[in-house]
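Visitor: build me a structure from this.
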Amino acid sequence: MGDPCDITSDQIWEDQRAAYDAMRSRCPVAHDGEGTWTVLRHAEVVAAATDPGTYSSTVTARRAIPNSLDGADHAAFRAIVDRYMTPERVAREESQCRAHAAAIVDALPRGSTVRTVAHLGVPFAVRTQSAWLGWPPDLEDVLVAWMADNHAATRSGDRERTAAVAERFDAMIQGLLEARREAAPDADVTAELMHETIGGRPLTDEEIVSILRNWTAGDLGSIATSIGVIVHFLATHPEEQDLLRALAVHGNAAALEAAVEEILRIDDPFVANRRRATRDAELGGETIPAGARVILNWTAANRDPLVFPDPDTFDPARHAADNLVFGIGPHVCPGRALTLMELRVVTEELLRRTAGITLSEERPTVRETPPVGGWARVPVVLR
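Guide: Residues are numbered from 1 along each chain as shown. Coordinates of the predicted model:
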């Protein structure tokens with residue numbers, strides 16, 4: 001009989017949320033038998049995420065700024081990133097996000113099947129992110145194609161394939177930098193970033209590319225996937241859909257953002273982040289050896305009944321303080337405000353411009369497969 005805290009890929013392939021719920025009930029920290037420890041319970045995820053001295057974010061040879069940095073290096077680069085995510089700067093982007101959302105929703109058919117992720121999530125993510133960064137509209141098709149390739153590579157688990165797709169993205173960003181060599185810093189966000197300094201020196205191209213990769217390569221897919229989760233929730237919870245439509249009509253931005261964050265807690269598409277144990281450590285009754293791979297499973301932690309007694313209950317006010325959708329600790333997501341604004345605006349426009357959202361009877365919904373969370377397909381009908 002195997003260890004009840006062992007975890008196998010077969011257990012999570014069909015339904016990650018259900019599998020994680022079941023495993024978390026047996027033990028807070030699971031082991032795959034091959035050197036990787038997955039932290040499932042809320043308390044242990046928080047403990048590890050807030051202890052970067054023991055659980056380092058330096059997990060790969062590829063330097064990702066600021067995600068793969070620790071300590072002073074992380075703080076220095078994070079200070080640069082945070083300047084682009086202030087409430088004032090996020091507010092400046094709301095009008096362009098709303099214009100894109102309204103145009104996309106208005107173009108969707110009524111009374112026939114709409115592919116939520118492909119027809120709403122992807123174009124909204126690409127257009128709003130490109131507008132924010134000052135990238136040309138004619139890059140949209142290239143970015144959409146790249147998103148599909150990156151998604152397929154991630155699901156494949158093939159590291160060489162994933163690396164090749166990442167290199168293609170880096171080359172595209174490098175081309176955008178070349179076009180801005182002589183641009184003034186106020187030309188757009190990308191040009192502004194090119195004029196940043198750290199420790200008294202200019203950022204290198206490699207560092208600029210890494211920051212832009214973090215802002216786009218991850219965010220494009222995350223926004224599209226989050227829209228799929230939100231729309232699925234609305235289509236399957238008519239009472240909450242009516243409540244949120246009323247909030248949208250009355251322009252209650254704060255309540256809508258709280259609702260969006262709660263929907264993402266219930267079905268967290270940001271499954272996990274990696275860490276590396278720097279020393280032997282005790283966590284959840286398990287001894288994690290120095291050098292071990294550690295996975296912080298946000299999806300499981302956000303459904304821990306010790307913190308959320310009924311994890312599927314929609315209760316934004318009660319659950320907000322413990323919601324880990326955007327992480328916790330020094331690596332808490334710097335783009336939380338921007339992401340919530342974007343998701344709130346697209347949700348507002350969708351609800352304002354429709355009278356109802358239901359699941360399509362022509363095509364089934366399809367869950368994403370590891371390591372991606374959320375829904376691969378959310379066919380809905382708008383009226």
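
Visitor: gap between residue 29 and residue 350?
Guide: Noted for residue 29: a distance of 39 Å to residue 350, by CB to CB, to the nearest Å. Where you see a C-beta, it was placed from the backbone N, CA and C, and this is true even at glycine.

Visitor: typo on my end, residue 378
Guide: Residue 378 is 12 Å from residue 350, by CB to CB.

Visitor: what's near enough to touch residue 377?
Guide: 115-117, 363-366 (CB atoms under 8 Å, 6 or more residues apart in numbering).

Visitor: next one: it relative to residue 354, how far apart?
Guide: 19 Å.

Visitor: ok, now residue 215?
Guide: For residue 215 relative to residue 354 (CB to CB), the value is 30 Å.

Visitor: and for residue 24?
Guide: Residue 24 is 36 Å from residue 354, by CB to CB.

Visitor: so those two - more neighbours on which side?
Guide: Neighbour totals were compared for residue 24 and residue 354, and residue 24 leads with 25 against 18 (other CB atoms under 10 Å).

Visitor: what secondary structure does that one sit in?
Guide: helix (DSSP: H, G, I helix; E, B strand; the rest coil).

Visitor: skipping its backbone neighbours, what lies nearest it in space?
Guide: The shortest distance from residue 24 to any non-neighbouring residue, by CB to CB, 6 or more residues apart in numbering, is to residue 40 (4.0 Å).

Visitor: counting neighbours, what do you get for the one you found?
Guide: Neighbours of residue 40 (other CB under 10 Å): 28.

Visitor: so who does it touch?
Guide: 20, 23-24, 27-30, 297, 300-301, 304.

Visitor: what does residue 328 give?
Guide: If you count contacts by CB under 8 Å, 6+ apart, then residue 328 has 46, 49-50 around it.

Visitor: equivalent analysis for residue 53, please.
Guide: residue 278.

Visitor: the contacts of residue 40 into JSON lines, with extra columns for distance to residue 163, pLDDT and secondary structure?
Guide: Shown next, in JSON lines, are the contacts of residue 40 (distance: CB to CB, whole Å; pLDDT from 0 to 100; DSSP: H, G, I helix; E, B strand; the rest coil):
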{"residue": "20", "distance to residue 163": "28", "pLDDT": "92", "secondary structure": "helix"}
{"residue": "23", "distance to residue 163": "30", "pLDDT": "91", "secondary structure": "helix"}
{"residue": "24", "distance to residue 163": "32", "pLDDT": "94", "secondary structure": "helix"}
{"residue": "27", "distance to residue 163": "33", "pLDDT": "89", "secondary structure": "coil"}
{"residue": "28", "distance to residue 163": "33", "pLDDT": "95", "secondary structure": "coil"}
{"residue": "29", "distance to residue 163": "30", "pLDDT": "96", "secondary structure": "strand"}
{"residue": "30", "distance to residue 163": "28", "pLDDT": "92", "secondary structure": "strand"}
{"residue": "297", "distance to residue 163": "24", "pLDDT": "97", "secondary structure": "strand"}
{"residue": "300", "distance to residue 163": "28", "pLDDT": "97", "secondary structure": "helix"}
{"residue": "301", "distance to residue 163": "29", "pLDDT": "98", "secondary structure": "helix"}
{"residue": "304", "distance to residue 163": "34", "pLDDT": "98", "secondary structure": "coil"}
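
Visitor: out of those residues, the closest to residue 371 would be?
Guide: Checking these against residue 371 by CB to CB gives residue 297 as the nearest, at 10.7 Å.

Visitor: partner residues bridging the closest one?
Guide: Residues in a beta bridge with residue 297, per DSSP bridges, are residue 272.

Visitor: before we move on, the earlier item: ok, the contacts of residue 377 vs residue 101, which is closest?
Guide: Looking across the contacts of residue 377 and measuring by CB to CB, the closest to residue 101 is residue 116, at 13.4 Å.

Visitor: so how many other residues sit close to that closest one?
Guide: 29.
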